[in-house]
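Asks: how would this look folded up:
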Amino acid sequence: MWANEFVRECLWSDGTWQSSALADTQLDSFIKDRIDGQDSVRRKCRANYRHLFELCGYWPSSMALINSGAEHWITPALFLAWDRHILNGGSDDKTSLLALIDSDELHKLLGVTPKFAAAHAQRLVDLYISVECIDRFLKLKKETAVESSADTTKLVVQEPPELPEEGGLEWLEQQESDETVERRAVERQEQKRDRKKAAALKTHYNNTCMFCGVRLQVSEDDFYSEAAHLRGLGKPHSGPDKVSNMLVLCPNHHIQFDRGMLRLQKDGGLYRIRSKIADDPLDGKAVAMTHSVNDSYVQYHYKWFK
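Replies: This is a model prediction of the structure:
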């Protein structure tokens with residue numbers, strides 16, 4: 001319980017996890033109030049606990065903020081939280097499951113904003129109920145029976161029933177790859193964006209992706225591109241809605257950029273694409289930048305997804 005309390009009370013702040021909370025002084029102060037033991041025992045607790053963050057790649061951090069990467073694991077995390085809620089006697093109706101997001105402050109354990117957690121919970125709760133909540137383990141469990149006779153022993157295996165037509169958990173994993181679009185909408189709900197800036201920048205680049213050079217035609221006369229922000233808008237990034245914080249990208253590379261699969265790195269007077277995708281032809285490619293970007297935003301994005 002003290003570990004969960006540490007995340008809620010110290011690690012999470014203003015929409016994300018803070019790296020300063022994992023410093024010796026912060027951890028030692030928190031543990032001292034909650035663990036009755038000698039100093040050597042407390043130090044070992046601190047070292048072991050922080051080591052978990054090291055194993056997950058969260059620590060050490062070169063930034064004040066820690067990217068929890070929750071978009072990659074929010075689905076099993078919420079399923080687990082709902083499972084525990086039901087096993088502890090909680091109700092499995094939709095209202096009760098969604099209420100758990102606020103009552104247990106799950107957004108803090110996920111390292112995201114309340115709106116981000118609520119939006120994904122709203123999307124996932126129907127799927128959780130459709131696979132029969134905690135009873136899905138009973139349905140998916142292989143039932144075996146051994147039939148013995150004088151001459152042979154036969155193993156009878158009953159295969160698990162098929163998941164829902166939409167693909168069950170496989171379908172859910174596919175949906176995870178599309179969450180960036182939803183995340184952008186959630187994080188920007190309270191932003192009063194000046195869309196003229198983005199429109200002007202897309203016109204400047206003739207709706208051509210700065211990464212791949214594709215100009216996506218969507219009708220006889222119209223072309224489509226998207227304005228991607230280097231430092232995200234809204235909490236926890238609080239990036240500005242300025243042209244110096246924007247790139248013009250096609251939808252595919254916008255999603256990959258928002259997920260950190262593609263990043264920009266300053267190389268002398270050039271900006272080069274750094275890709276985490278194996279054998280990506282874009283890796284190392286210089287971007288033809290014909291508008292001014294703020295280098296601090298470029299560095300922020302690069303470090304956030306490092």
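
Asks: I'd guess residue 228 is in a strand, am I close?
Replies: Yes: checked against DSSP: H, G, I helix; E, B strand; the rest coil, residue 228 lies within a strand.

Asks: ok, it - contacts?
Replies: The neighbours of residue 228, taking C-beta atoms under 8 Å, 6 or more residues apart in numbering as the test, are 246-249, 254, 257-258. Placement of C-beta: from N, CA and C, glycine included.

Asks: quick one: which of those is nearest to residue 46?
Replies: Nearest to residue 46 out of these is residue 258 (C-beta to C-beta; 34.6 Å).

Asks: Would you quantify the distance from residue 69 to residue 38?
Replies: Counting by C-beta to C-beta, to the nearest Å, the gap from residue 69 to residue 38 is 36 Å.

Asks: Please say which of those two ends up with more neighbours.
Replies: More crowded of residue 69 and residue 38, by other C-beta atoms under 10 Å: residue 69, with 17 against 9.

Asks: Please flag which of the contacts of residue 228 sit within helices.
Replies: 254, 257-258 (DSSP state H).

Asks: Filter the residues you listed down to the buried ones.
Replies: For these, a burial check counting by 16 or more other C-beta atoms under 10 Å picks out 254, 257-258.

Asks: Show me what stretch 95-113 is in contact with.
Replies: Contacts for stretch 95-113 (C-beta under 8 Å, 6+ apart): 4, 7-8, 11-12, 15-17, 66-68, 70, 74, 77-78, 81-82, 85, 90-91, 114, 116-118, 121-122, 125, 128-129, 186-187, 234-236.

Asks: Sticking with residue 263, tell me its helix or strand.
Replies: strand 262-267 (DSSP states H and E).

Asks: How about residue 274?
Replies: strand 270-275.

Asks: Can you spell out which helices and strands pack onto that strand?
Replies: strand 262-267 (3 or more C-beta pairs under 8 Å, 6 or more residues apart in numbering; DSSP states H and E).

Asks: which regions of the stretch 201-306 of the chain sit below the pLDDT cut-off?
Replies: For the stretch 201-306 of the chain, no stretch has pLDDT under 70.

Asks: and the closest residue to residue 46 other than its chain neighbours, what does it touch?
Replies: Using C-beta to C-beta, 6 or more residues apart in numbering and skipping the chain neighbours, the partner closest in space to residue 46 is residue 27 (4.6 Å). When contacts are counted by C-beta under 8 Å, 6+ apart, residue 27 touches 6, 21, 46, 49-50.

Asks: pLDDT at residue 27, what is it?
Replies: Note on residue 27: pLDDT of 92.

Asks: Using the three-state scheme, assign it.
Replies: Under the three-state scheme (three-state DSSP), residue 27 adopts helix.

Asks: try residue 277
Replies: Residue 277 ends up coil, using three-state DSSP.

Asks: Quick check: nearest residue in space to it, chain neighbours excluded?
Replies: Nearest to residue 277 is residue 261, by C-beta to C-beta, 6+ apart, at 6.0 Å.

Asks: Touching, the one you found and residue 274? I think so.
Replies: No: with contact defined as C-beta atoms under 8 Å, residue 261 does not reach residue 274; the gap is 9.8 Å.

Asks: who's more crowded, these two?
Replies: A direct count of neighbours by other C-beta under 10 Å for residue 261 and residue 274 places residue 274 higher, at 18 against 15.

Asks: so how far is residue 58 from that one?
Replies: 21 Å.

Asks: hmm, back to that, distance to residue 208, neighbour count and pLDDT for the contacts of residue 27 - can I get that in JSON lines?
Replies: Converted to JSON lines, the contacts of residue 27 look like this (distance: C-beta to C-beta, whole Å; neighbours: other C-beta atoms under 10 Å; pLDDT from 0 to 100):
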{"residue": "6", "distance to residue 208": "48", "neighbour count": "19", "pLDDT": "94"}
{"residue": "21", "distance to residue 208": "43", "neighbour count": "17", "pLDDT": "95"}
{"residue": "46", "distance to residue 208": "52", "neighbour count": "19", "pLDDT": "92"}
{"residue": "49", "distance to residue 208": "49", "neighbour count": "16", "pLDDT": "92"}
{"residue": "50", "distance to residue 208": "46", "neighbour count": "17", "pLDDT": "93"}
